[in-house]
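1. Need a 3D model of the following:
(6 chains)
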6 protein chains.
Amino acid sequence: MNIKGKLVTLRAMEEEDQELLREMINDPDIEKMVGGYSFPVSKFQQKEWFNTNVNNQNNIRLIIETEEDGPVGFTNLINIDWKNRSAFHGIKIANKKFRAKGIGTDTVMAIMRYAFEELQLNRLDGTIIKYNEASRKLYCEKCGWKVEGIRRRAVFKSNDYHDELIVGILKEEYEELIKWNNYWGS
Amino acid sequence: MNIKGKLVTLRAMEEEDQELLREMINDPDIEKMVGGYSFPVSKFQQKEWFNTNVNNQNNIRLIIETEEDGPVGFTNLINIDWKNRSAFHGIKIANKKFRAKGIGTDTVMAIMRYAFEELQLNRLDGTIIKYNEASRKLYCEKCGWKVEGIRRRAVFKSNDYHDELIVGILKEEYEELIKWNNYWGS
Amino acid sequence: MNIKGKLVTLRAMEEEDQELLREMINDPDIEKMVGGYSFPVSKFQQKEWFNTNVNNQNNIRLIIETEEDGPVGFTNLINIDWKNRSAFHGIKIANKKFRAKGIGTDTVMAIMRYAFEELQLNRLDGTIIKYNEASRKLYCEKCGWKVEGIRRRAVFKSNDYHDELIVGILKEEYEELIKWNNYWGS
Amino acid sequence: MNIKGKLVTLRAMEEEDQELLREMINDPDIEKMVGGYSFPVSKFQQKEWFNTNVNNQNNIRLIIETEEDGPVGFTNLINIDWKNRSAFHGIKIANKKFRAKGIGTDTVMAIMRYAFEELQLNRLDGTIIKYNEASRKLYCEKCGWKVEGIRRRAVFKSNDYHDELIVGILKEEYEELIKWNNYWGS
Amino acid sequence: MNIKGKLVTLRAMEEEDQELLREMINDPDIEKMVGGYSFPVSKFQQKEWFNTNVNNQNNIRLIIETEEDGPVGFTNLINIDWKNRSAFHGIKIANKKFRAKGIGTDTVMAIMRYAFEELQLNRLDGTIIKYNEASRKLYCEKCGWKVEGIRRRAVFKSNDYHDELIVGILKEEYEELIKWNNYWGS
Amino acid sequence: MNIKGKLVTLRAMEEEDQELLREMINDPDIEKMVGGYSFPVSKFQQKEWFNTNVNNQNNIRLIIETEEDGPVGFTNLINIDWKNRSAFHGIKIANKKFRAKGIGTDTVMAIMRYAFEELQLNRLDGTIIKYNEASRKLYCEKCGWKVEGIRRRAVFKSNDYHDELIVGILKEEYEELIKWNNYWGS
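-> Residues are numbered from 1 along each chain as shown, chains lettered A, B, ... in the order given. Model prediction:
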């Protein structure tokens, strides 16, 4: 099923979403703010990636869509560990103007509801490059995640090593959060 | 080239080592002390694993051998990230009697020397299940690693969730260590 | 991510760039000025080359593009040696009129910034056929490279053997260069 | 045909030579003295390498053999560039005691005779890690090669960058050498 | 690179040239004048031939093109023997009207310049069916080739055996020719 | 059927003949006397050659065997051109002592009888390196072949170019020969 937030729908990637994904991965401003990196990506390579990264039992990759703006970003729930009931989660929003609209928060909330209430996971993992204050606020102030550690000097970008925050949230923390902020209404 | 410690030689896995590896992975006492888990492994499955896990550019898997005892364990340096110059490292010793002999320390020291002085990496990563005090002492007291965080309730074993320590060491910390303990002599 | 200079964007090769690349490789005036050589190349062969030379972990091949003129040439960063932190770099500009515009300099500067400040390489290698004075000036006068040796009589072209300059630059030399010429502004 | 020196015969690699080759590539003392490097190599990997590196039109890999001692080392003539009439040559002797016997010199002389007098090449290329004085003497004092350049800080080994000598010899220099030292008799 | 004469350009075969090639090979007047023979060739067979005869390290097959008339014939440089530095060369012009224009001479001159001055070959080989006086004149009177022998009764055509001339030219003979006829200007 | 001379039997190559063939092809004294050349050949390569050079419609490769000495050499009849009714023929005898016994002559006579009287060929082709007087005598004095031409400077060996004789024999010449020398008795 598609995953619904209050603003966003998270749906499977389609072939026609590849141009959006390619733009995001080739954009130096976005690469600066995430932990990963990529050489310049061609249309052919993007399509190859798409063909070999279809959703499967342990990895879900989704397009973030709103009724007003259509596809605006990408999110995932990967390395699902069914025994330990954990998974890794990340997010990318294509365009700065979308980032102020609450789309990020709604996506993380929707992913958590799906992960904890449907998939019965027990914890979610994430990483945040230390200087990405916006991302830390999104996860740790708005969405209830905890900083659990710091991988010192783990990421090299812009000619320097940067620390990487290890963040995580447990199901019980998510449940307290929505009781407190009443995100999904009552 | 093979990697030499003071006691151990770390060499490529051979087909005849598979029985030792299978014993370790099927041993409940060992599984209890490491982060990972495995269903019971047959000889056939072990051989399949071997055939698809030959050393490659980003993953090294090695047998720990001593002159006195022959093959006594397994260690690795995997997910080598050449851009960020980091890798993940783990170790398994087959038999308790070997663990007191300094084989663990010598293996970690030899891996660090190889990773930092030959492969030119900048940091090593590891994880330790919280109650594995012996492993924490090996890495953080004898070998200079730091606890950088705690993934809370990340591993489920023996009917309970357990915290997992995130540990790491930087090249500069390794260099201070060997200056201080003079491990390799002068 | 795409690589940005002040004039140029370096992006992944696309199928529609193959005609430009084929024109360059079939042009006797260009072949005369570079170390390599090629038999006449058909559309089919060009496409085969493209299909088997997608960017990978150790080889990046890029189109040079400017806003004003679109695709104007080709550059690469190949044989990336992650342990020794070096790579080989070359460049081809399609059309003489582009060569005077500073596109060559901007491409080499952008490649160096990417290689040294993002990929964390320590040196770049190149070769220049001895009589290609323009190329020597570009690399060694404008971009800080050093002539490190001469492979005597290494290239046969136009019925004679020609010497080939071995050129290289270290990260520290690039850093001094940009401090001195303030290429990227302050 | 096999290639004959005064002491050595250079012959094709056979499957039974793989253990010798594996010992050489896993030996840290040998790795220290050559430009290349290798992770620990298993029997399986060595065999795979053998199966995919059969002599072909552009690459010859040979075992050095003497009547007295049998197989004692490995030499090659690779990247044969038939248009520019050049090739890259390297050598490894397994055991120190063999190195004093003139086996190195005889191998290089035999390779040069074959390359220049049979294959009609015009130059041979090589590289020598700077501190390998023995190798420099062998090539540049006994066998007529010239140092043509220095790739500065090109090889990382034993926790430091090392310069690499670029060496080469032209056919005319070989011809002068054997006239002068009368190596092959008259 | 493409090969330039004074009138002709020799370029790689393209798929759209196959109809011209098929017409030539199916034309009895042309078959009569060359040493080879062929059963009637279908479009499918012609395409198969094209797909398996892409230019490679030892065989170059080229379309003869002029600015005025477009594609007018086919020429090759095959069985390149890099050690002995020789190759076999042949030519076919599609239409009689082109044969008087100097296209044949210009093609042979351009092939020789490429073979001797770029590929560094030392001799070219050819064969001429004895009664093909025009071809003998082209090669042996205008282009400096020598008749080196006669394979008696080697070709059976039109119900009779015919002798075949063995022709060849050495690099030094080509060099004398262009000094004497100043073909490429001074 | 096997081909019988007066001394020799010519039979298909077997796997157990590969060692003999490998010795011949690796022997520098034999390589010097034939037109072809080969890099050093391993057992594996020899076997590959054997597997891909099974006798077929256009190529026959045969072991020369005598009752007294067993396998003593190799001969072939290749590039059979059924339309022009010609083929190329060559011979190699392993050991000098066999060459004086009339084995060479008997092999060539047997091949000719087979080619002309069984296969209905009309001519045989061969090449002889100019200084191989023994081979010229065998073919042209004892077996009725004619020198039809000289490919000047066609073979490079022992640091020089050598001429290559083009030799051939027609069926009618073979018939005259055996009438005259009564080789097969009456």
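
2. Flag every buried residue along stretch A:138-152.
-> A:L138, A:Y139, A:C140, A:K142, A:C143, A:G144, A:W145, A:E148, A:G149, A:I150, A:R151, A:R152 (16 or more other C-beta atoms under 10 Å in any protein chain shown). In this view, the C-beta of every residue, glycine as well, is placed from N, C-alpha and C.

3. got it, and stretch A:32-46?
-> For stretch A:32-46, by 16+ other C-beta under 10 Å, it's A:V34, A:G35, A:Y37, A:S38, A:F39, A:P40, A:V41, A:S42, A:F44, A:Q45, A:Q46.

4. would a markdown table of those with secondary structure, distance to chain C and pLDDT be doable?
-> A markdown table is the format used below for the buried residues of stretch A:32-46 (DSSP: H, G, I helix; E, B strand; the rest coil; distance: C-beta to the nearest C-beta, whole Å; pLDDT from 0 to 100):
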| residue | secondary structure | distance to chain C | pLDDT |
| --- | --- | --- | --- |
| A:V34 | coil | 10 | 92 |
| A:G35 | coil | 13 | 90 |
| A:Y37 | coil | 7 | 93 |
| A:S38 | coil | 6 | 94 |
| A:F39 | coil | 5 | 94 |
| A:P40 | coil | 4 | 94 |
| A:V41 | coil | 6 | 94 |
| A:S42 | coil | 4 | 93 |
| A:F44 | helix | 7 | 90 |
| A:Q45 | helix | 6 | 90 |
| A:Q46 | helix | 9 | 93 |
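
5. Output those of those also counted as contacts of chain B.
-> Restricting those to those near chain B by C-beta under 8 Å from any C-beta of the partner chain leaves A:Y37.

6. what pLDDT, on average, does the stretch of helix or strand A:A134 belongs to get?
-> Taking DSSP states H and E as the criterion, A:A134 maps to helix A:133-136. The average pLDDT within helix A:133-136 is 96.

7. Going by neighbour count, list what's buried in it.
-> Applying 16+ other C-beta under 10 Å to helix A:133-136 flags A:S135, A:R136 as buried.

8. ok, it near chain B or not?
-> No. Using C-beta under 8 Å from any C-beta, we find that helix A:133-136 stays clear of chain B, coming within 14.7 Å at best.

9. How about stretch A:149-160?
-> Yes. Judged by C-beta under 8 Å from any C-beta, stretch A:149-160 and chain B are in contact via A:G149, A:I150, A:R151, A:R152, A:R153, A:A154, A:V155, A:F156.

10. Those residues in strands, which ones?
-> A:G149, A:I150, A:R151, A:R152, A:R153, A:A154, A:V155, A:F156 (DSSP state E).

11. Quick check: the farthest pair among those?
-> Pairwise distances across those (C-beta to C-beta) peak at 19.1 Å, for the pair A:G149 and A:F156.

12. ok, how many other residues are close to the closest residue to A:E23 other than its chain neighbours?
-> Nearest non-adjacent residue to A:E23, counting by C-beta to C-beta, 6 or more residues apart in numbering or on different chains: A:A94, 6.8 Å away. A:A94 has 19 neighbours, counted by other C-beta atoms under 10 Å in any protein chain shown.

13. Ok, A:I80 next?
-> Neighbours of A:I80 (other C-beta under 10 Å): 18.

14. What strands line up against the strand or helix carrying it, and which way round?
-> Using DSSP H and E, A:I80 sits in strand A:70-81. Take DSSP bridges as the rule and strand A:70-81 pairs in its sheet with strand A:60-66 (antiparallel), strand A:86-93 (antiparallel).

15. On the strand side of things, show who A:I91 bridges to.
-> A:T75.

16. Relative to chain F, how far out is the residue in chain A that chain D sits nearest to?
-> With C-beta to the nearest C-beta as the measure, A:F156 is the residue of chain A nearest to chain D, at 16.8 Å. According to C-beta to the nearest C-beta, to the nearest Å, A:F156 stands 45 Å off from chain F.

17. State the three-state secondary structure for the closest residue to chain F within chain A.
-> Residue of chain A nearest chain F, by C-beta to the nearest C-beta: A:E48 (34.0 Å). What DSSP: H, G, I helix; E, B strand; the rest coil gives for A:E48 is helix.

18. Start and end of stretch A:52-68, how far apart?
-> For stretch A:52-68, the first-to-last residue distance is 30 Å (C-alpha to C-alpha, to the nearest Å).

19. From the rest of the structure, what touches that stretch?
-> A:3, A:7-14, A:17, A:20, A:71-80, A:82, A:91, A:93, A:103, A:107 (C-beta atoms under 8 Å, 6 or more residues apart in numbering or on different chains).

20. Filter these down to the buried ones.
-> A:3, A:7-11, A:13, A:17, A:20, A:71-78, A:80, A:91, A:93, A:103, A:107.

21. what does chain A put close to chain C?
-> A:25-28, A:30-31, A:37-45, A:48, A:156-159.

22. If you count contacts, what does the helix or strand of chain A with the lowest mean pLDDT end up packed against?
-> Lowest on mean pLDDT, DSSP states H and E among the helices and strands of chain A sits helix A:96-99, with a mean of 72. Helices and strands in packing contact with helix A:96-99 are not found; criterion 3 or more C-beta pairs under 8 Å, 6 or more residues apart in numbering or on different chains; DSSP states H and E.

23. anything in the helix or strand just after it sitting right up against chain B?
-> Next along the chain after helix A:96-99, taking DSSP H and E as the criterion, comes helix A:103-113. No. Against chain B, helix A:103-113 shows no contacts by C-beta under 8 Å from any C-beta, the least distance being 15.8 Å.

24. which residues are contacting helix A:103-113?
-> Contacts of helix A:103-113 (C-beta under 8 Å, 6+ apart): A:3-8, A:10, A:64, A:66, A:72-73, A:75, A:77, A:89, A:91, A:93, A:124, A:138-139, A:142-143, A:169, A:174, A:183-184.

25. Report the buried residues of stretch A:115-122.
-> Quick answer for stretch A:115-122 (16+ other C-beta under 10 Å): A:A115, A:F116, A:L121, A:N122.

26. what's near enough to touch the residue of chain A at minimum distance from chain B?
-> When scored by C-beta to the nearest C-beta, chain A has A:G149 as its residue closest to chain B, at 1.1 Å. By C-beta under 8 Å, 6+ apart, A:G149 lies in contact with A:L165, A:I166, B:E148, B:G149, B:I150, B:R151, B:I166.

27. what sits against the fifth one?
-> To tie it back to what came earlier, the one meant is B:I150. Neighbours of B:I150 in contact, by C-beta under 8 Å, 6+ apart: A:E148, A:G149, B:K130, B:D163, B:E164, B:L165, B:I166.
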